[in-house]
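Colleague: Task: produce atomic coordinates for the following.
(one chain, ligands or ions: 1)
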Amino acid sequence: MRSTLFDLEKTISERRTADPALSYVAKLTGRGRAKIAQKVGEEAVEAVIAAMAADRDGLVGESADLLFHLLILLGDLDIPLDAVLDELDRREGVSGITEKAARKPD
Ligand SMILES: N=c1c2ncn([C@@H]3O[C@H](COP(=O)(O)OP(=O)(O)OP(=O)(O)O)[C@@H](O)[C@H]3O)c2ncn1[C@@H]1O[C@H](COP(=O)(O)O)[C@@H](O)[C@H]1O
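Modeller: Numbering: from 1, shown residues only. Model (predicted):
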């Protein structure tokens with residue numbers, strides 16, 4: 001399995017306390033969780049815009065930006081990537097239609 005996301009998670013963890021003048025991760029982290037979350041939202045919107053324009057290259061780039069910023073946000077909350085992958089594993093084989101139908105009404 002490709003280890004790209006785990007490698008990036010480790011790099012982000014190491015760069016968080018670097019010199020903000022030399023590290024984007026450190027600079028963004030220093031601006032606080034709300035700013036990191038805002039960037040995740042912006043990158044998600046940019047991915048949607050690229051998709052709606054059928055801009056495949058754009059969507060690849062924006063998806064990379066989105067995953068990168070999501071990893072920074074998860075790291076800021078001390079949530080390991082493994083926790084997200086575990087949740088996806090837990091859902092494996094459970095149809096989204098079935099899962100939604102089984103939800104209790106509010
Ligand atoms: N994958 C990435 C990556 N993807 C995108 N970016 C940066 O994310 C920033 C997003 O650009 P924007 O224009 O949206 O942001 P901005 O203008 O800085 O922010 P605003 O002030 O507008 O909010 C750009 O500076 C991109 O270069 C990344 N910066 C770093 N990485 C990885 O993180 C590692 C550590 O980076 P540093 O912390 O910079 O050393 C690198 O070696 C890479 O592996």
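Colleague: residues touching the most centrally placed residue in the chain, list them.
Modeller: Nearest to the geometric centre of the chain sits L70, at 2.3 Å (Cα atoms, centre = their mean). L70 makes contact with V40, according to Cβ atoms under 8 Å, 6 or more residues apart in numbering. For glycine as for every other residue, the C-beta is placed from the backbone atoms N, C-alpha and C.
Colleague: how far away is it from the ligand?
Modeller: Note on L70: its distance to the ligand, by Cβ to the nearest ligand atom, to the nearest Å, is 11 Å.
Colleague: Can you tell me the element L67 falls in?
Modeller: Assigned by DSSP states H and E, L67 belongs to helix 56-76.
Colleague: again, but for D86
Modeller: Going by DSSP H and E, D86 is in helix 81-91.
Colleague: For that helix, buried residues please.
Modeller: For helix 81-91, burial by neighbour count (16 or more other Cβ atoms under 10 Å) applies to L81.
Colleague: and if you look at stretch 66-81?
Modeller: For stretch 66-81, the buried set under the neighbour-count rule, 16+ other Cβ under 10 Å, comprises 66-76, 81.
Colleague: Dump it to CSV, restricted to CA.
Modeller: The C-alpha trace of stretch 66-81 is given here as CSV (Å, rounded to 0.1, in the frame of the first residue of the first chain):
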residue,chain,number,x,y,z
LEU,A,66,-7.7,19.3,0.5
LEU,A,67,-6.0,16.2,1.9
PHE,A,68,-2.9,18.1,2.9
HIS,A,69,-4.9,20.7,4.9
LEU,A,70,-7.2,18.0,6.4
LEU,A,71,-4.1,16.2,7.7
ILE,A,72,-2.9,19.5,9.3
LEU,A,73,-6.4,19.9,10.9
LEU,A,74,-6.4,16.3,12.2
GLY,A,75,-2.9,16.7,13.5
ASP,A,76,-3.9,19.9,15.3
LEU,A,77,-6.5,17.9,17.2
ASP,A,78,-4.1,15.0,17.8
ILE,A,79,-6.3,12.7,15.7
PRO,A,80,-4.1,10.1,13.8
LEU,A,81,-4.8,9.3,10.2
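Colleague: Nice, that's everything, thank you.
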